[in-house]
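> Attaching a predicted model along with its sequence, questions to come.
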Amino acid sequence: MGVKDVFLSWPVVRQLTGEDPLGRGAAAQSGRTAALQPRTATADRVVQSVCPYCAVGCGQKVFVKDEKVVQIEGDPDSPVSRGRLCPKGSASEQLVNSPKRLTTVKYRAPFATEFQDIPLDRAMEMVADRMKESRDRTWQDVDGQGRKVRRTLGFASLGGATLDNEENYLIKKLFMALGAIQVENQARI
């Protein structure tokens with residue numbers, strides 16, 4: 001590259017001689033910057049989703065390339081958030097792609113000092129067995145005054161604010177059917 005080429009590549013020269021006299025566009029861009037393109041431009045598809053962090057339900061556009069999430073942005077068509085996301089929602093791509101994300105069930109046996117990976121099916125069976133055992137052990141058909149109560153105080157449910165109304169409804173129905181009376185949601189506390 002000669003001296004003339006170097007001189008002509010200076011932003012101030014490009015600004016004075018080009019179509020960007022204010023120096024706010026192409027005149028101020030380096031060659032590298034001009035060659036950049038957004039991750040969203042190369043996405044194979046865009047999937048509409050909802051932010052997983054709170055109960056607001058902000059709309060998200062999830063950009064997918066080669067079956068991997070490459071970017072998540074606010075959905076301008078969402079009547080809830082109109083394209084805006086809070087800092088947590090804006091960073092939700094990291095929730096999916098973080099190398100520190102746990103993808104297995106970790107279990108620490110009683111008195112053990114280390115966690116071990118167990119299959120999801122086994123973990124679900126363990127939870128179901130423990131709930132049934134607790135329900136059987138703490139079941140009350142009648143209270144101290146002889147009134148029918150048909151309940152258990154052996155377990156409770158505390159739902160998170162990220163659950164939507166339908167999920168909370170189903171959880172409430174499940175735990176009430178099991179006889180639990182301590183069913184609450186984080187949004188009410």
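Okay, I see it.
> Test for you: state the pLDDT assigned to the closest residue to Thr162 other than its chain neighbours.
The shortest distance from Thr162 to any residue other than its chain neighbours is 5.6 Å, reached at Pro52 (C-beta to C-beta, 6 or more residues apart in numbering). C-betas here are computed from N, CA, C, even on glycine. The score at Pro52 is 82. That number is its pLDDT.
> Repeat that for Glu67.
90.
> tell me which strands and helices the helix or strand harbouring Leu170 is in contact with?
If you go by DSSP states H and E, Leu170 is part of helix 165-177. Helix 165-177 sits against strand 157-159, strand 183-185, with contacts defined as 3 or more C-beta pairs under 8 Å, 6 or more residues apart in numbering; DSSP states H and E.
> Could you list the low-confidence segments of this protein?
Low-confidence segments of the chain, defined by pLDDT under 70: 1-10, 20-21, 23-27, 161, 187-189.
> just the helices in it please.
Ranges of helices within the chain are 3-8, 11-17, 31-35, 87-90, 92-97, 120-138, 165-177, based on DSSP state H.
> contacting residues for the residue minimising distance to the centre of the chain?
Residue closest to the mean C-alpha point of the chain, counted by C-alpha atoms, centre = their mean, is Pro52 at 3.8 Å. Going by C-beta atoms under 8 Å, 6 or more residues apart in numbering, Pro52 touches 92, 95, 162.
> got it, and Pro87?
Contacts for Pro87 (C-beta under 8 Å, 6+ apart) come out as none.
> The one 3 residues further on now?
By C-beta under 8 Å, 6+ apart, the contact set of Ser90 is 72, 74.
> measure the spatially closest residue to Val56 that is not a sequence neighbour to Asp164 for me?
Among residues not flanking Val56 along the chain, Val80 sits closest, at 6.5 Å (C-beta to C-beta, 6+ apart). Distance of Val80 to Asp164, given as C-beta to C-beta, to the nearest Å: 12 Å.
> Thanks again, I'm all set now.
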